[in-house]
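1. predicted model follows, preceded by the sequence.
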Amino acid sequence: MIRSLPRSKAYCRSFNFFIILYFVFLFAPLVITCILAFNNSDFPYLPWQGFTTDWFVSAGPERIGLFQDSSMMRSILTSFETAACVSILCVVVGTCASFLFEKENFRFKGILYFLMLAPLVIPGVILGISLLFASNTAGTFFEDNLGLDIGLFRPSFWLVVLGQFSFITTFVTLVVSARLRKFDHSYEEAALNLGATEFQVIRYVTLRFLRPAITGAGAVAFLMSFENFNTTLFLVGSEPTLPINLYLQVRDGSTPVINAVSLMLILGTSIVALANLYLCRKTD
Amino acid sequence: MFWVFLTPVLCWLLLLIVLPHLDLLTMSFRGENDYGDMVWTLQNYKNFFTEPIYWFTFVRTAGYAVITTVICLVLALPVSFYIAKLARPGIRGTLMVLLLLPFWVSELVRVYGWMILLRESGVINFILLKAGLINSPIEMLYNDATMIMGLVYTSMLFMIVPLVSVMESLDNSLIEAACDLGAGKLAIWRKIIIPHCKPGITSGCIVVFMLALGNYLTPNLMGGKNSLWFTEQIYNQFIASFNWNQGAAFGFLLLLLSSLIIWVGLKLTGQKLGEVA
C-alpha cells in the first residue's frame, strides 16, 4: 500500500497508469496550444500544414503576428503595469498587516483578522461588482456635492489595480505571517538593547529575515494579478488587460495568434514560478 | 509603530472590503418605482423568486459547483496519495512542480486549450476521424459534462495542494500497523487516511467550491449558450439589461450562498476559517 509495504504488481501498474493519465489530462491542452502556435494554417486546428513563425512575427497583411499586433502588445504592457502596481501595493500593505496581526494586541483584532480573511471566500465577481458600485457611488457623490469629476471612480486602470489589490493582499499577508511566526524575537530585543531605534530594528533585522517570504509573496501577487479575470472584468475601462483582451478574441472566433500569446504566457509564467520555487528552496 | 501598521490595513479593509459590500447591499434594496424615482424596495429580490429562470440558474449553479467539488476530491485523493506516499522521494519534487505549473498559467489559456481539443473541428475529433473510429465529427464542447470537466480542471490544484501537505504529515507506521493487523485497503482509507486528511479535505473543498461557484470564464466559454451560470446572469444584468440594482441583488444572493455553504462546511467538520486558510 505504501512504499514500505510489499505491493502487488497489478496494483502498482494500475496506480502508475492512473497517474500518467492524470498528468496527460493536466498537460494535454497546454501542449496542444503550444504546438498549434507554429502551424502554418489560418485556424488553430489540425491537420498540420507545416512549421511557421508567422503567428509571432508576421507583419501582415494577411497574417498579423503577435509582436506586430498593437492591441495585443498594448494589453500585455497594461497587464505588466497593473501587476507591478498591484504587487508593490500588496507587499507593502500585506507586510504591515502581518506585523499588525503577529506582533500587536488590540481590541477588535479578531474582527479585523476575520475581515482580512474574508476575500478568500468572496467570489471574485462579487468583489468586482461591489467595488464598481462603491466607486460609482463615490463618483456620483463627489460630482453632485463638490462638482468634482474624478476619473479614478470610473472603470479604469487604477480601479483594476484596487480591485486586484483588495484580495491579493490577503495571500501576501498569510505568506508573510507564516514566516514571521518562525522569527526569533530575541534578535529584535538584542538590537534594541544595542541602541537601535524601533524603526531600525524592523528595517535591518525583521525585514531582512522576512525578505525571502516577501519576494516570494510579491512574485505570487504578480502572477495572480497578471492572470486575473473575474474581478478585472467588471472594473476594466478602455485599457483591457491581457486576459480580458484574449477573452474577447477567443469568444469572437480564434486565430493561431491566440496560441502564440498562450505560448508566451505559458513560458513566462513557468519561468517566474520556477524561479520563485528555486529561490524558496534555497532559503529553506 | 502600531499606527503605522494599522492605518494601511484599516484603509484596505474598510474602503475596499467593508464599504463596497455595504454599498452592494443597499443598492440591492433600491429600485425605480412606476414614476421612475429611486425608492427603497424589495422588488429586486421578488424578481428573483418569481422568475423561474433566475432561481433555477441559482440552484443549478450551486448543484454543479458541488458536483465539481466532489469530482475534484475523488480525483485528488489518489493523486495526492501517490505523490505523498508512493512516489520515490527523488521524483516527488518534480511531480509537485508539474502539478503546480498549469495552475500558474492563466485560466483563459487552459480553457482555450480545451476548446481547441474538443470542438467540432478540434484535435480529438480529427484524430478520431483519422483513426476511423467515427464517421462524422462530434461536437464535444457546449454541454454540461464538458463544462464540469473544465471546472474540475481549472480548480483541481487547489484540492491537491492541501491534500498533499496533510498526507505528508500522516505517519506511515499507522498504515503499516493496520496492514499487519489485516485491514483491507478500503478500511485503511476509511478509518485512517480520510480522518487524518480532514483539515486538508475541508480547505480544498471550500476553495474549489468557491472557485466553481464564482467562475465566469469556464461556463461562459465551455458551457455555451445553455450554460446558465449565475455569474453570467449577474453580468447580463449589468451589461445587457443595465439593471444595476437587480445585479446587486443577485450578487448579494451569490455572496450569501457561498458564505452559507462554507459556514455549514466549517461547522460540520468543526473547523475555523483561520485554520483552513
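-> Structure received.
2. wait, what's in contact with residue B:247?
-> A:129, B:234, B:237, B:238 (CB atoms under 8 Å, 6 or more residues apart in numbering or on different chains). No exception for glycine: its C-beta is placed from N, CA and C like everyone else's.
3. can you do 10 Å?
-> A:129, A:132-133, A:234, B:24, B:27-28, B:44, B:233-239, B:241 (CB atoms under 10 Å, 6 or more residues apart in numbering or on different chains).
4. for it, what are phi and psi?
-> In this entry, residue B:247 is assigned phi and psi values of phi -60, psi -40 (degrees, to the nearest 10).
5. once you drop chain neighbours, what's closest to it?
-> For residue B:247, ignoring the flanking residues on the chain, the nearest one in space by CB to CB, 6 or more residues apart in numbering or on different chains is residue B:237 at 3.6 Å.
6. just residue A:166 next, same as before
-> In space, and not counting its chain neighbours, residue A:166 is closest to residue B:16: 3.9 Å by CB to CB, 6+ apart.
7. part of a strand, is residue A:49?
-> No: Residue A:49: not assigned to a strand; according to DSSP: H, G, I helix; E, B strand; the rest coil it is coil.
8. what about it, neighbour count?
-> By other CB atoms under 10 Å in any protein chain shown, the residues close to residue A:49 number 11.
9. next: residue A:178.
-> By other CB under 10 Å, neighbour count at residue A:178 equals 13.
10. where's it relative to residue A:214, distance?
-> Per CB to CB, to the nearest Å, residue A:178 is found 12 Å from residue A:214.
11. give me the common contacts of those two.
-> residue A:98.
12. before we move on, back to that, just the buried residues from the contacts of residue B:247, in PyMOL please.
-> In PyMOL, a selection of the buried entries from the contacts of residue B:247 looks like this (16 or more other CB atoms under 10 Å in any protein chain shown):
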select buried, (chain A and resi 129+132+133+234) or (chain B and resi 24+27+28+44+233+234+235+237+238)
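13. which of the contacts of residue B:247 fall within helices?
-> Residues of the contacts of residue B:247 located in helices (DSSP state H): A:129, A:132-133, A:234, B:24, B:27-28, B:44, B:233-239.
14. as a quick check, tell me the outermost residue of chain B.
-> residue B:35 (41.9 Å; CA atoms, centre = their mean).
15. can you confirm it is in a strand?
-> No: counting by three-state DSSP, residue B:35 falls outside a strand, being coil.
16. I'd like to check which residues are in contact with it.
-> Contacts of residue B:35 (CB under 10 Å, 6+ apart): none.
17. how about the one 3 residues further on?
-> Each residue near residue B:38 by CB under 10 Å, 6+ apart is listed here: B:30, B:31, B:32, B:245.
18. what ranges do the strands span in chain B?
-> Using DSSP state E, the strands of chain B run over B:30-32, B:38-40.
19. quick one: closest of these to residue A:204.
-> The closest of the strands of chain B to residue A:204 is strand B:30-32. By CB to CB, the value is 53.1 Å.
20. who are the packing partners of that closest one?
-> strand B:38-40, helix B:43-50, helix B:244-269 (3 or more CB pairs under 10 Å, 6 or more residues apart in numbering or on different chains; DSSP states H and E).
21. buried ones in that strand?
-> Buried-residue list, strand B:30-32, by 16+ other CB under 10 Å: B:30, B:31.
22. give me the residues contacting it.
-> For strand B:30-32, the surrounding residues in contact (CB under 10 Å, 6+ apart) are B:37-44, B:46-47, B:243-246, B:248-249.
23. listing request: residues of the chain with sub-threshold pLDDT.
-> Picked chain A for this. A:1-7, A:60, A:62, A:280, A:282-284 (pLDDT under 70).
24. sorry, should have said chain B
-> In chain B (pLDDT under 70), the answer is B:224, B:226, B:272-277.
25. longest helix in it, please.
-> helix B:52-81.
26. got the phi/psi numbers for residue A:156?
-> Per-residue torsions, residue A:156: phi -160, psi 180 (degrees, to the nearest 10).
27. list the residues that contact it.
-> Neighbours of residue A:156 in contact, by CB under 10 Å, 6+ apart: A:135, A:162, A:235, A:236, A:237, A:238, A:239.
28. wouldn't the third one be in contact with residue A:160 here?
-> Yes: here residue A:235 reaches residue A:160: they are 4.8 Å apart, a contact under CB atoms under 10 Å.
29. overlap in contacts, those two.
-> With CB under 10 Å, 6+ apart, residue A:235 and residue A:160 have common neighbours A:128, A:131, A:241, A:244.
30. now residue 233: closest residue in space, sequence neighbours ignored.
-> All of this refers to chain A. Per CB to CB, 6+ apart, closest to residue A:233 is residue A:128, 6.2 Å.
31. chain B is the one I meant
-> Closest residue in space to residue B:233, ignoring its immediate chain neighbours: residue B:57 at 5.5 Å, by CB to CB, 6+ apart.
32. now do residue B:98
-> In space, residue B:98 is closest to residue A:23, 6.5 Å off (CB to CB, 6+ apart).
33. the one you found sits in which helix or strand?
-> Using DSSP states H and E, residue A:23 falls within helix A:9-36.
34. quick one: that helix to helix B:52-81, angle?
-> If you take axes from the mean of the first three to the mean of the last three CA atoms, to 10 degrees, helix A:9-36 sits at 120 degrees to helix B:52-81.
35. tell me which residues in helix A:9-36 are buried?
-> If you call a residue buried by 16+ other CB under 10 Å, then helix A:9-36 has these buried ones: A:19, A:22, A:26, A:28, A:29, A:30, A:32, A:33, A:34, A:36.
36. from the contact counts, what lies against that helix?
-> Using 3+ CB pairs under 10 Å, 6+ apart, helix A:9-36 sits against helix A:256-283, helix B:52-81, helix B:89-104, helix B:107-118, helix B:123-130, helix B:144-168.
37. return the most buried member of the ones you listed.
-> helix B:107-118 (a mean of 24; mean count of other CB atoms under 10 Å in any protein chain shown).
38. ok so, going back, make CSV out of the helices and strands packed on helix A:9-36 and add distance to residue B:185.
-> Shown next, in CSV, are these (distance: least, CB to CB, whole Å):
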stretch, distance to residue B:185
helix A:256-283, 33
helix B:52-81, 11
helix B:89-104, 22
helix B:107-118, 33
helix B:123-130, 34
helix B:144-168, 15
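39. of all those helices, which lies closest to residue B:222?
-> helix B:144-168 (4.3 Å).
40. same for that closest one, what does it pack against?
-> Checked by 3+ CB pairs under 10 Å, 6+ apart, helix B:144-168 has helix A:9-36, helix B:52-81, helix B:89-104, helix B:107-118, helix B:194-213, helix B:217-222 packed alongside it.
41. now do the first one against helix B:89-104, angle only.
-> Going by the same axes, to 10 degrees, helix A:9-36 is angled at 40 degrees with respect to helix B:89-104.
42. helix A:9-36: how far from the chain's middle?
-> When distances are taken as CA atoms, centre = their mean, to the nearest Å, helix A:9-36 is centred 26 Å away from the chain's centroid.
43. follow-up on the earlier one: how about the shared contacts of residue A:235 and residue A:160 in CSV, adding distance to residue A:204 and neighbour count?
-> Conversion of the shared contacts of residue A:235 and residue A:160 to CSV gives the following (distance: CB to CB, whole Å; neighbours: other CB atoms under 10 Å in any protein chain shown):
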residue, distance to residue A:204, neighbour count
A:128, 40, 33
A:131, 37, 27
A:241, 37, 29
A:244, 42, 21
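44. closest to chain B out of those residues?
-> residue A:131 (4.9 Å; CB to the nearest CB).
45. mind listing what the residue of the stretch 1-150 of chain B found nearest chain A touches?
-> In the stretch 1-150 of chain B, the residue that lies nearest chain A is residue B:113 (2.5 Å; CB to the nearest CB). Counting by CB under 10 Å, 6+ apart, residue B:113 makes contact with A:27-34, A:36, A:44, A:259, A:262, A:266, B:102, B:105, B:123, B:153.
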